[in-house]
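take a look and give me a structure for this.
(one chain, ligands or ions: 2)
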Amino acid sequence: MVTHAENELMTRVEGDAPLGRLMRDNYWVPFALSENLVADEAPTPVRLFGENYVAFRAPDGRIGFLDELCPHRRASLVLARAEGDGLRCIYHGWKIDVSGSVVEAPTQVVRPERFCAGVPVVHFPVHEEGGIAWVWLGGGVVPPFPDLPFNDEYGLQMVMTISVVPVNWLQGLEGGIDSVHGPILHRSAIEAILRERGNSSDTAGVRATFAAPPRYETEEAPFGLRQASLRRAEDDRTYLRVAHLFLPFVVVVPNGYAGATHVFGFAPVDDTHHLLFFGNFGETPLSLPEVSAARQDLVADPRNFASLEGDRSNSWGQDRELMKNGHWTGFDRSAIDEDAAVQVSMGPIVDRSKENLSSSDVAIAHTRRLILNTIATYEAGQLPPGSVRTPGGVRIPQPFDAVLDAGESWRELEPVS
Ligand code: FES
Ligand SMILES: [Fe+2]
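Numbers count the residues shown, from 1 in each chain. Ligands and ions are numbered 1, 2, ... in the order given. A predicted model of the protein is given here:
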């Protein structure tokens, strides 16, 4: 049971909120798809933790990440001209380069070079990995990037989307670790994939998730949480899937298809919005239509893949005719729309004190406990799980699925490091 005060602690991220501070001080934050940051194109507005920024790519590939407002007299640099390695403010023509220095201030006639060198510019370091651009907002020495299973060094293919979802970040995260909703909420999308791929061995895992509801077990790890779902299979054996939550932004899930692992990322835009990163990686990952866009005739917006239309007054575009014709949800564009619809329907920050959790919610309850404990111990001076400030760095193992023999334990199957 979550109290109102606990709900506030786990959800508020703006300003001095303890969780927002913890997140900014200990983790790289995903903020854009690499492919959406293109040199010489319009700068990208970014909002994180209730603050506005602007990002852009220089022709040499580097990414600039600046406070949105010009250091001169605070015009928005979202309006700026992209000029080679920097942005030129359209108001008075100051230019700020990709490293966060004012390099031209045409309005300053007295000793302009010295003047430029003395103007502070709020800017932050960016790192690209796995097709995603991540920013370090924590200040001080820039920490190493964690060893994620989809880091570029592993040479895997990545298919990734970004969406802006108008609800608090924790509703997104809880959707990402809520494995039980997959074959229910997304049943029409999954059935479509199964129809296409047939009963081949690479769909065995998905078919098993349809066959029976799982039992869940969870275990804390140095990086966050491991979640095992266990389903009874033939001959007293157990079908196992282990997903990993890398606190606080990333969930990796074995999806039961050959050659692909799902990734979810959640970045707080402010208290009532988050960025959702959703995709998959592997040697032969599913294509975008396969992974998410059920209707291939629709072209997704590369900067906002979710395409809910409307609001509560039109049930966010739900199509009842589709449902009469057999579709489970009436949202047939993508599984992401289905996730977004149910999350938005809860309201911007769901009141968790009014829920009634069932046995399928083991991982949800454990994650909440972990977040609350982490906030408390961080306030008392301890690093949180998976902090990139951890000496020696952070590694997130691959999630996996397997068939266990009777009596075999999933906890020994993979070392946690
Ligand atoms: S406000 Fe940007 S140059 Fe003046
Ligand atoms: Fe979902």
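
in stretch 150-158, which residues are buried?
For stretch 150-158, the buried set under the neighbour-count rule, 16 or more other Cβ atoms under 10 Å, comprises 150, 156, 158. C-beta here means a position set from N, CA and C on the backbone, and glycine is covered the same way.

show the end-to-end separation of it, please.
Using Cα to Cα, to the nearest Å, one end of stretch 150-158 lies 8 Å from the other.

quick one on the thing from earlier: TSV for the buried residues of stretch 150-158, including distance to residue 164 and pLDDT?
Supplementary listing: the buried residues of stretch 150-158 in TSV, determined by distance: Cβ to Cβ, whole Å; pLDDT from 0 to 100:
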residue	distance to residue 164	pLDDT
150	22	94
156	26	91
158	20	90
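
what's the closest of the residues you listed to residue 105?
The closest of these to residue 105 turns out to be residue 158 (Cβ to Cβ; 40.5 Å).

host element of the residue nearest to residue 305 when sequence neighbours are not counted?
Leaving aside its sequence neighbours, residue 305 sits nearest to residue 161 (Cβ to Cβ, 6 or more residues apart in numbering; 3.8 Å). Assigned by DSSP states H and E, residue 161 belongs to strand 157-165.

direction included, what does that strand pair against?
Strand pairing for strand 157-165, determined by DSSP bridges: strand 273-282 (antiparallel).

what's the burial count for the residue nearest to residue 305?
Neighbour count for residue 161, taken as other Cβ atoms under 10 Å: 23.

so it touches residue 336, yeah?
Yes: assessed by Cβ atoms under 8 Å, residue 161 is found in contact with residue 336 at 6.9 Å.

between the two, what contacts are shared?
Common contact partners of residue 161 and residue 336 (Cβ atoms under 8 Å, 6 or more residues apart in numbering): 278, 292, 305.

from these, which has minimum pLDDT?
Lowest pLDDT within the shared contacts of residue 161 and residue 336 is found at residue 292 (72).

hey, what's the closest residue to that one other than its chain neighbours bridged with?
Excluding its sequence neighbours, the residue lying closest to residue 292 (Cβ to Cβ, 6+ apart) is residue 334, at 4.4 Å. Counting by DSSP bridges, residue 334 forms beta bridges with residue 293.

assign the residue sitting nearest the centre point of the chain to helix, strand or coil.
Note on the chain: the residue nearest the mean C-alpha position is residue 265, at 1.5 Å, using Cα atoms, centre = their mean. Put simply, residue 265 is strand when judged by DSSP: H, G, I helix; E, B strand; the rest coil.

how about the residues of this protein near ligand 1?
Contact residues (Cβ under 6 Å from any ligand atom) of the chain with ligand 1: 70, 72, 73, 75, 89, 91, 92, 93, 94.

ok, back up a step: pLDDT score for the residue nearest to residue 292?
pLDDT, residue 334: 87.

could you report the neighbour count for the residue of the stretch 301-417 of the chain found nearest ligand 1?
Nearest to ligand 1 in the stretch 301-417 of the chain, going by Cβ to the nearest ligand atom, is residue 303, at a distance of 24.9 Å. Other residues near residue 303 number 14, with proximity taken as other Cβ under 10 Å.

that one and residue 37 touch, don't they?
No: with contacts defined as Cβ under 8 Å, residue 303 does not count as touching residue 37, sitting 10.7 Å away.

do you know how far residue 229 is from residue 362?
Look at residue 229 and residue 362: by Cβ to Cβ, to the nearest Å, they are 10 Å apart.

how far does stretch 278-285 sit from its chain's centre?
For stretch 278-285, the separation from the chain centroid amounts to 15 Å (computed by Cα atoms, centre = their mean, to the nearest Å).

which residues sit against that stretch?
Applying Cβ under 8 Å, 6+ apart, the contact partners of stretch 278-285 are 130-131, 149-150, 156-161, 163, 255, 258-265, 286, 291-292, 305, 336.

again, 7 Å this time
130, 150, 156-161, 255, 259-264, 286, 291-292, 336 (Cβ atoms under 7 Å, 6 or more residues apart in numbering).

confirm residue 378 sits in a helix?
Yes: secondary structure of residue 378 (three-state DSSP): part of a helix.

I figured it hits residue 22, correct?
Yes: using Cβ atoms under 7 Å, residue 378 makes contact with residue 22 at a distance of 4.9 Å.

between the two, which contacts overlap?
Counting by Cβ under 7 Å, 6+ apart, the shared contacts of residue 378 and residue 22 are residue 384.

which one of those two has more residues nearby?
Comparing residue 378 with residue 22 by other Cβ under 10 Å, the one with more neighbours is residue 22, at 22 against 18.

now for residue 100, how many residues are close by?
Neighbourhood size, residue 100 [other Cβ under 10 Å]: 18.

my guess is residue 272 contacts residue 170. True?
No: contact between residue 272 and residue 170 fails when scored by Cβ under 7 Å: they sit 11.3 Å apart.

quick one, which of the two is more surrounded?
Higher neighbour count among residue 272 and residue 170: residue 170, with 25 against 18, using other Cβ under 10 Å.

all helices for this structure, in order.
Assigned helices in the chain, in chain order: 4-11, 18-26, 112-117, 169-177, 182-185, 187-197, 204-211, 288-291, 320-324, 335-345, 362-379 (criterion: DSSP state H).

rounded mean pLDDT for the fourth one, please.
Right, the one you point to is helix 169-177. Across helix 169-177, pLDDT averages out at 96.

CA atoms only for it, dumped as CSV, please.
Taking C-alpha atoms only, helix 169-177 is exported to CSV below (Å, rounded to 0.1, in the frame of the first residue of the first chain):
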residue,chain,number,x,y,z
TRP,A,169,7.6,8.9,-15.5
LEU,A,170,6.7,6.2,-13.0
GLN,A,171,3.6,5.2,-14.9
GLY,A,172,5.8,4.6,-17.9
LEU,A,173,8.4,2.6,-15.9
GLU,A,174,5.7,0.5,-14.3
GLY,A,175,4.3,-0.3,-17.7
GLY,A,176,7.8,-1.4,-18.8
ILE,A,177,8.2,-3.9,-16.0
